Each structure stands twice: as structure tokens, then as C-alpha cells.
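Enquirer: Please work out how this folds:
(one chain, ligands or ions: 1)
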Amino acid sequence: MRTRRRAYSAQRPADLGGAVWSVPVPIPGSPLGYTLVYAVESPAGPVLVDAGWNHQDAWTALRDGLAACGVDVREVRGVVVTHYHPDHAGLAGRVREESGGWIAMHEADAAIVRLMRGMPVDSHREFQAEMMRRAGAGAEAEAVRASERPDPPAQPDRELRDGDLIDLPGRVLRVVWTPGHTPGHVCLHLEDADRLFTGDHVLPDITPHIGIYPYDRQDVDPLEDFLGSLTRVAGLGEAQALPAHEEPFADVAARAAEIRAHHEDKLLRLRDMMTGDAAEPLTIWQVAERMTWNRPWSDLAPVQRGLAAGEAAAHLRTLESRGAVRRAPGAPGDPVRFTATSQ
Ligand SMILES: [Zn+2]
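Expert: Here you go, the predicted structure:
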């Protein structure tokens, strides 16, 4: 697994043909290594897809990488961000400052950015710690309360909806709304070249994080949304995928089907586990501890445990909406507990 994930140092800006370039932008201290920022040229100036992490080294890599492709960052017409996460949207504000261009983002993620920007850092930490306690976490909740949070990204100037055309004169770049990894994640279909900028939605070797926050929410089902978004992208056929991490690959439909199968399998195994442990209803934390992760639970740092619990919660929520698990009754204020149904 993960054979294609390469170090940032091995990456170079690349001319992908058809007036599309990719620029690797480092993510300091992250095992993900780098974000691929794409530049799409048009007679009215280039548009970027994503921008990278907000850090001076990342900025230098973006500016110099674009220059190596013949693109002056000051001439950028706009930045479309696939979703609000800091490794995608972080530098969008800096690009806007330098170029005077616009930032576009799906309206659902723009709403999250508005919320984040309005929330003091302390109350964000408190929100996270409280969410973890409600899921049955112990010491992890305190550790997260003391952790760092990246600055929220810049508020976009333009809010996107499914099917919108990006302002890129002479080319056809259409928004394909793919909720799941975030509520407002979008892929961008360059219809004049049958290429799909997939952001984090479809990556060649890894799968994006799908979580629910707060964990015990019942009004959303991001994993089912994600599976629907995979089906949607699979409907685009054999388009070349230009993902935000790792490297471009052929046949987005085949990879989307593979990721769907991976999650359906994970759902089956979770359902089996819940049936096996059915005597005792389990908290989200207990479920996360029992699931299989890329490292043993004891090796996961508190923040990683928090993400694993988010992923466990998303899978439980999908099983719940499909009728395979339910919430056990409990006293108010108790952590929520799940149990298998007799279906
Ligand atoms: Zn992401």
C-alpha cells in the first residue's frame, strides 16, 4: 500500500499538456508531504485549483513553481479551492493579496469558514474537548484541548453550487459537488479536455478522512454522501484524474469504484463486530478502539484518536441510517452508545 506516495523532495512542477500545470507545494511536518496545486491557463489569465498550506516555505514553492511553468502569481485570475482544509485553502488568501484575483469555494464550505472565523480559538478547543467527552474519551479530550489549531482560511469572494461554470474564459471548467470529505467538497471537470480535478475526493492510493463532528450528530450522514459522490464521479467515465495529493492517474471511475468497495467492506466488518459485542452497547470511543487503523490504537496520538473516532462515528451513522445499528437508551449527559439491531 501507499507505494505511489513520494517525498516532496522528489517532486517537480510539471507541464501536463493542454495548458495545465501542476506545482507541488510542501505541507510542513505532514506525512502527506505536499499538495498538488494546478494552474489552468486561459486567454484571461490562469486559474489555480487549490493553493497549499499557509507557510512561508509553501508560499515560496508555489510562487517559484508557478514561475517555472511560465505563470506569474501576480497574474492569477482566481483560485478555486476544492474544500476548506488548510492544505488546500491555506494560501488562497496570500494569492489573492498578490494578484487581486478572486477565491471561489462551494457555499457549504464557505459557511464553515464563516463559522471558524467567528469562533475564538479557545471556544474551538473547548468544543472539541466536550465533543470527545460525549463520545466516551478519557485523557485524549484534555490533550486536544491544549493542541494547536491552524488559522482559518480566507473567506471566499465567490460561492459555488453544483453545475456552476468557473470564470475561466475560453475553457469549460464545471463544478461537480462531491460532499463527503467535507460538506462542500467539489471536483472540477475540465470538460474541454475530459480531466477531473479531484481534490481529496479520489486519490490514487489513499482514501480521504470521512468523519462526523460532533461525533453524535444524527442530522447528517457524510459517509453515505461520500459514497453517493463516488458514484457520481464514476459516472464521468474514464476521465484522467488530477488529485491534490500523490499523482495524476487514468480512469477516475475505476478508482472511485474501488474506494466505494473499501468502505462497504469496512461497514460490513463493523456490523459484524457490533453483532459480536452486542451484549454491551459501545461508546463511539470503544468502537474506534476496536476498529482496524493503519497503526495500532496504542500508537495513535490523541489528535489521531480524535480523527479515528470521527471516522468510527461516520461508519456507525451510516449503519444506523441503514437500520443495522441503533442508539441504546441512556441517561441524559451520558456518552451515546450503539448496539446492533436484530435485522
Ligand atoms: Zn482535505
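Enquirer: Would you mind measuring from the closest residue to the ion within the stretch 151-300 of the chain to residue 213?
Expert: Of all residues in the stretch 151-300 of the chain, the one sitting closest to the ion is residue 200 (4.1 Å; CB to the ion). For glycine as for every other residue, the C-beta is placed from the backbone atoms N, C-alpha and C. Computed with CB to CB, to the nearest Å, the distance linking residue 200 and residue 213 is 16 Å.
Enquirer: Tell me which residues touch residue 22, please.
Expert: Under the criterion of CB atoms under 8 Å, 6 or more residues apart in numbering, the neighbours of residue 22 are 13, 14, 16, 36, 37, 38, 39, 242, 248.
Enquirer: Give me the distance between the third one and residue 193.
Expert: Which is residue 16. According to CB to CB, residue 16 and residue 193 sit 10 Å apart.
Enquirer: How about the first one?
Expert: From residue 13 across to residue 193, the span is 19 Å (CB to CB).
Enquirer: which of the two has more neighbours?
Expert: Taking residue 13 and residue 193 together and counting by other CB atoms under 10 Å, residue 13 has the greater number of neighbours (21 against 18).
Enquirer: sorry, back to before: burial count for the residue of the stretch 151-300 of the chain closest to the ion?
Expert: Residue neighbour count, defined by other CB under 10 Å, stands at 26 for residue 200.
Enquirer: Not counting its neighbours along the chain, what's nearest it?
Expert: Using CB to CB, 6 or more residues apart in numbering and skipping the chain neighbours, the partner closest in space to residue 200 is residue 208 (4.2 Å).
Enquirer: One more: residue 158?
Expert: Nearest residue to residue 158, sequence neighbours excluded (CB to CB, 6+ apart): residue 104, at 4.0 Å.
Enquirer: In terms of helices and strands, where is that neighbour?
Expert: Taking DSSP states H and E as the definition, residue 104 sits inside strand 102-106.
Enquirer: Please give me every residue in contact with residue 123.
Expert: Under the criterion of CB under 8 Å, 6+ apart, the contact list for residue 123 is empty.
Enquirer: how much space is there between it and residue 29?
Expert: Residue 123 sits 25 Å away from residue 29, going by CB to CB.
Enquirer: ok, now residue 62?
Expert: 17 Å.
Enquirer: tell me the contacts of residue 40?
Expert: Residues near residue 40 by CB under 8 Å, 6+ apart: 19, 20, 46, 47, 48, 49, 168, 171, 173, 190.
Enquirer: With residue 311 instead?
Expert: Contacts were defined as CB under 8 Å, 6+ apart; by that measure residue 311 touches 209, 210, 211, 288, 291.
Enquirer: for residue 200, same thing?
Expert: Residues in contact with residue 200, defined by CB under 8 Å, 6+ apart, are 82, 83, 85, 88, 181, 185, 208, 243, 244, 245.
Enquirer: again, only this time at 6 Å
Expert: Shown here is residue 200, whose contacts under the criterion CB atoms under 6 Å, 6 or more residues apart in numbering are 181, 208, 244.
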